[in-house]
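**Student:** Quick one: sequence and predicted model below, then my questions.
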Amino acid sequence: MTHPKLHFIAIGGSAMHNLAIDAHLKGFQVTGSDDEIFEPSRTRLASHGLLPDTLGWFPEKITTDIQAVIVGMHARIDNPEYVKAQELGIKIYSYPEYVLERSKHKHRVVIAGSHGKTTITAMIMHVLKACNRKFDYLVGASVEGFENQVSLTSNSPTIIIEGDEYFSAPFDQTPKFLRYKHHIGVISGIAWDHMNVYPNFDAYVAPFEDFADATPKAGALIYSQDDSIASVIGAKERADVIQLAYQAHPHKIIEGVTYLTVSKNDRVRVAFFGEHNLKNVSAAKAVCTRLGIDDEPFYKAISSFKGAGKRLERVKERSNFVMFKDYAHSPSKVLATTSAVKRQFVERKLIACLELHTYSSMNKDFLPQYNDTLNAADQAIVYFNPKALAIKKMPLLSAEDIQKAFDHDNLKVFDDSEALKAHLLTLSWNNKNLLMMSSGNFNDIDLTEIAEHIVQAV
């Protein structure tokens, strides 16, 4: 059977290229366009023969033999390929609408929240795979044991979806997680982010209330009891909806290793750590229980979970040093990640380095949200790239703006990546840990090179 032809507008996006690759692997005829494609999307698309020959938009690519056009958020509302698809009457989907179309007969689990959703999704995927369950998935990072970040099949009864609160498409300002129409929903926590989309806290919270209210009868809503906003929303009375609150899993830290307390005499060693991840594993367990996974197989599986890509990922380590990289960028993530590393290695000094990379983090009006977020670090470093500000057409930042916002007694600010690298290489690293946090790449600094230099010196 010949599969339909699909065209992806803005195919180079993080989510879009994964969806395109999965469709290609499932036998669909896939084409796509974009005006800029960065790594790792470029290499991954090229490896599957999906990289456009020429960057740009070409309405002549849109022909009547295309069954559906999927439009990414990077495209504009006047995109010539989108306009041509409208003129020809071709079915047009946003990314989440297309995922729903391919999973409308499945049991849909959607993980939402300002933080933790990638790790919770990855934990659930890891456990289900270990238990030989058949399922589809959509996750925002690489997960060990899974070749792609998306898998949509015709016969899996369940799909696990990481659902974010960003708009669905240029033509649809509905938050993505509302488009998936969950049967089981998770709210991991709520902390204002994405100032370019949600100008104030109330505007940011409203979609999460809608998400909780959209839980169907006989469905389940699982929420963090320790998060003040999520707990208020989650505990609101909803007829015929199962509402489950979770907290950090009971645990012990012994010589820098975290053990989950399963019973009075039984502990399970795990590779992850930090209060936030102990909450994440409780959320994952609540979902897996709803999906019929018993305690024993859950704990057996979770003991081998190593984490999602770029989530407290160990770059290099020695007996008295570890270098971590983490995707943390919002205030709540920075606070949780920095605190987790310090608490896990209380006997070591912690140097925490944060790149301001997102629209919110580089906005002077939002910067005060970072107050005290790096306090667990013995030394704090904040880096920003003036070129990124120029690209986003944002006002310049000064070291004084950042110093005032973070209010840390031992904070250095860099706006030159080479100067940052030189600084890191001149420090003494005996009995210290380094935490590099960013949703970007520190202007292409080679973290592995820095780590290699450090471990040779300690």
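**Tutor:** Looks like it came in fine.

**Student:** how many neighbours does the nearest residue to residue 220 once chain neighbours are set aside have?
**Tutor:** Spatial nearest neighbour of residue 220, excluding adjacent residues (C-beta to C-beta, 6 or more residues apart in numbering): residue 242 at 4.2 Å. Where C-beta positions appear, they are placed from N, C-alpha and C, glycine not excepted. Using other C-beta atoms under 10 Å, residue 242 has 13 other residues around it.

**Student:** Please, where are all the strands along the stretch 151-300 of the chain?
**Tutor:** Counting by DSSP state E, counting those that start in this stretch, one finds strands in the stretch 151-300 of the chain at the ranges 158-162, 167-169, 172-175, 184-187, 220-224, 242-246, 251-254, 257-263, 266-270.

**Student:** Make a markdown table from these and add distance to residue 14 and mean pLDDT to it.
**Tutor:** Output for the strands of the stretch 151-300 of the chain, formatted as a markdown table (distance: least, C-beta to C-beta, whole Å; pLDDT from 0 to 100):
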| stretch | distance to residue 14 | mean pLDDT |
| --- | --- | --- |
| strand 158-162 | 12 | 98 |
| strand 167-169 | 15 | 95 |
| strand 172-175 | 17 | 96 |
| strand 184-187 | 21 | 98 |
| strand 220-224 | 25 | 98 |
| strand 242-246 | 28 | 98 |
| strand 251-254 | 32 | 92 |
| strand 257-263 | 30 | 94 |
| strand 266-270 | 28 | 96 |
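
**Student:** Include distance to residue 366 when you put the ones you listed into CSV, please.
**Tutor:** Formatted as CSV, the strands of the stretch 151-300 of the chain follow (distance: least, C-beta to C-beta, whole Å):
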stretch, distance to residue 366
strand 158-162, 24
strand 167-169, 19
strand 172-175, 19
strand 184-187, 22
strand 220-224, 23
strand 242-246, 29
strand 251-254, 33
strand 257-263, 33
strand 266-270, 34
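
**Student:** Select, out of those, the one closest to residue 33.
**Tutor:** Of all the strands of the stretch 151-300 of the chain, strand 167-169 sits nearest to residue 33, with 15.4 Å by C-beta to C-beta.

**Student:** which residues sit against the closest one?
**Tutor:** Strand 167-169 is contacted from outside by 71-73, 75, 94-97, 173-176, 179, 197, using C-beta atoms under 8 Å, 6 or more residues apart in numbering.

**Student:** what's the weakest-modelled helix or strand in the chain?
**Tutor:** Ranking every helix and strand in the chain by mean pLDDT, DSSP states H and E puts helix 386-391 at the bottom, with a mean of 90.

**Student:** sorry, back to before: for the residue nearest to residue 220, list the residues it contacts.
**Tutor:** Each residue near residue 242 by C-beta under 8 Å, 6+ apart is listed here: 218, 219, 220, 221, 290.

**Student:** Based on its surroundings, how many neighbours for the closest residue to the second one other than its chain neighbours?
**Tutor:** Nearest in space to residue 219, with sequence neighbours left out and distances taken as C-beta to C-beta, 6+ apart, is residue 183 at 4.9 Å. Residues within reach of residue 183, counting by other C-beta under 10 Å, total 18.

**Student:** gap between residue 183 and residue 287?
**Tutor:** Distance of residue 183 to residue 287, computed by C-beta to C-beta, to the nearest Å: 11 Å.

**Student:** Please apply the same query to residue 38.
**Tutor:** To residue 287, residue 38 is 33 Å away according to C-beta to C-beta.

**Student:** Give me the more crowded residue out of those two.
**Tutor:** residue 287 (26 against 12).

**Student:** What's the ChimeraX line that selects buried ones from the contacts of strand 167-169?
**Tutor:** Buried members of these, defined by 16 or more other C-beta atoms under 10 Å, are picked up in ChimeraX with:
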select :71,72,73,75,94,95,96,97,175,176,179,197
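
**Student:** Give me the buried entries from the contacts of residue 242.
**Tutor:** Looks like the contacts of residue 242 have 219, 220, 221, 290 buried, using 16+ other C-beta under 10 Å.

**Student:** Now render those as a markdown table, adding distance to residue 259.
**Tutor:** Converted to a markdown table, the buried ones among the contacts of residue 242 look like this (distance: C-beta to C-beta, whole Å):
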| residue | distance to residue 259 |
| --- | --- |
| 219 | 33 |
| 220 | 28 |
| 221 | 30 |
| 290 | 25 |
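
**Student:** Show me which pair in these is furthest apart.
**Tutor:** 221 and 290 (10.7 Å).

**Student:** mind giving me the domain split of the protein?
**Tutor:** 5-89, 98-302, 313-457 (automatic domain parsing).

**Student:** Report how far apart the opening and closing residues of the first one are.
**Tutor:** Read that as domain 5-89. 15 Å (C-alpha to C-alpha, to the nearest Å).

**Student:** any idea how far it is from the chain center?
**Tutor:** 22 Å (C-alpha atoms, centre = their mean, to the nearest Å).

**Student:** Check the longest one too.
**Tutor:** The chain centre lies 12 Å from the centre of domain 98-302; the measure is C-alpha atoms, centre = their mean.

**Student:** Endpoints of that domain, how far apart?
**Tutor:** With C-alpha to C-alpha, one end of domain 98-302 sits 31 Å from the other.

**Student:** swap in stretch 368-379?
**Tutor:** 19 Å.

**Student:** Quick check: buried residues in it?
**Tutor:** 369, 370, 373, 374, 375, 376, 377, 379.
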